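Trainee: Next come a sequence and a model predicted from it.
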Amino acid sequence: MKPLIAEINCKTNEEYIREMNDEEYAQHLIDKSAYEAEQAQVNE
Amino acid sequence: MGIAQIPLASSGITVSDGNNAGWNLGEAQWEQISEYTSTSSVSTITLSSIPQTYRSLCLTISGLECVTSSTGLGLRINSDSNSNYMFGGFQGYGTQTNTYQSNSNTNFRMTTYDDMGIGTIFNAVVFFPNYNATGVKFCNYVTNYNSPVGTQLRDVMQRATYRSGASQSAISTLTIYTSSGANNIKVQAMANSAVTLWGIK
């Protein structure tokens, strides 16, 4: 199961929670990788 | 239930009883646009289809709790994940302070190096002036959260710029996202915890 996104449409105030789509999940993995690299640098 | 307002001065400044979704400072009034209060654990909170009828926006985050694993927290405009964000600021922690700056980041960093650990509670106020005008987007924000390192409190004050080289279109989407783990934030740390978007005309 992919991570969840909560989305609020500010025009309708409709709120729903869904799984990330493939594109969002790919970005999530990029962000995670960048975060881990940064943390490794901080902890050196 | 009616809204009690107590006039403080002839300038029009009023104080409400807390039931009013807005506050009044003279002629201008902040209006609540949307509020997110779900206690579900998620990785990202997105505010989409932001109305373009206000002059400025204010995003308030209260009681956002980290629940499963350490993570950083960032903010993106219009889902832009490129290196178009600049920011600088200073943080206070314990008895120390330091400054920092980034000229090409992929988000506005909301936390600093220690980031959020399990149980960390995060709060912020983010102001976006002229969010619907074409041009460079600016924001100012103040955050505080308890660091996972010891019991220190982090107070972070930043100015930030969405760089001119990026799309200059109006802000229509704001995304609060976590940079690690999965489904590790939720808004139930305190009473009335919420992610709320306000607008002023």
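Mentor: On my side now, so go ahead.
Trainee: Please count neighbours and contacts with C-alpha atoms only from this point.
Mentor: OK.
Trainee: Tell me, how many residues neighbour B:Pro129?
Mentor: By other CA atoms under 10 Å in any protein chain shown, the residues close to B:Pro129 number 17.
Trainee: who's the residue nearest to it when sequence neighbours are not counted bridged to?
Mentor: Residue nearest to B:Pro129 in three dimensions, not counting chain neighbours: B:Ser56, with 4.5 Å by CA to CA, 6 or more residues apart in numbering or on different chains. Following DSSP bridges, B:Ser56 is listed with bridge partners B:Pro129, B:Ile200.
Trainee: And B:Ser56, how close does it get to chain A?
Mentor: The gap separating B:Ser56 from chain A is 15 Å, by CA to the nearest CA, to the nearest Å.
Trainee: Over to the residue nearest in space to the middle of chain A. Which of the three states is it?
Mentor: The centroid of chain A falls nearest to A:His28 when counting by CA atoms, centre = their mean (4.5 Å). Of the three states, A:His28 takes helix under DSSP: H, G, I helix; E, B strand; the rest coil.
Trainee: Look up the closest residue to it, ignoring the ones flanking it.
Mentor: Beyond its immediate neighbours in the sequence, the residue positioned closest to A:His28 (CA to CA, 6+ apart) is B:Ser179, lying 7.1 Å away.
Trainee: what helix or strand is residue 34 on?
Mentor: Went with chain A since none was named. Under the criterion of DSSP states H and E, A:Ala34 resides in helix A:22-42.
Trainee: looking at chain B here, not the other one
Mentor: Element membership for B:Ser34 (DSSP H and E) is strand B:28-36.
Trainee: Quick check: what element follows that strand along the chain?
Mentor: Following strand B:28-36 in sequence order, the next helix or strand is strand B:44-48 (DSSP H and E).
Trainee: Show me what that following strand packs onto, helices and strands only.
Mentor: Helices and strands touching strand B:44-48, by 3 or more CA pairs under 8 Å, 6 or more residues apart in numbering or on different chains; DSSP states H and E, are strand A:4-9, strand B:174-178.
Trainee: Quick check: the gap between the spatially closest residue to B:Arg55 that is not a sequence neighbour and B:Asn140.
Mentor: Across the structure, with CA to CA, 6+ apart as the measure, the residue nearest B:Arg55 apart from its sequence neighbours is B:Lys201 (4.9 Å). Counting by CA to CA, to the nearest Å, the gap from B:Lys201 to B:Asn140 is 18 Å.
Trainee: Please say which of the two ends up with more neighbours.
Mentor: Applying other CA under 10 Å to B:Lys201 and B:Asn140 shows that B:Asn140 carries more neighbours, namely 17 against 12.
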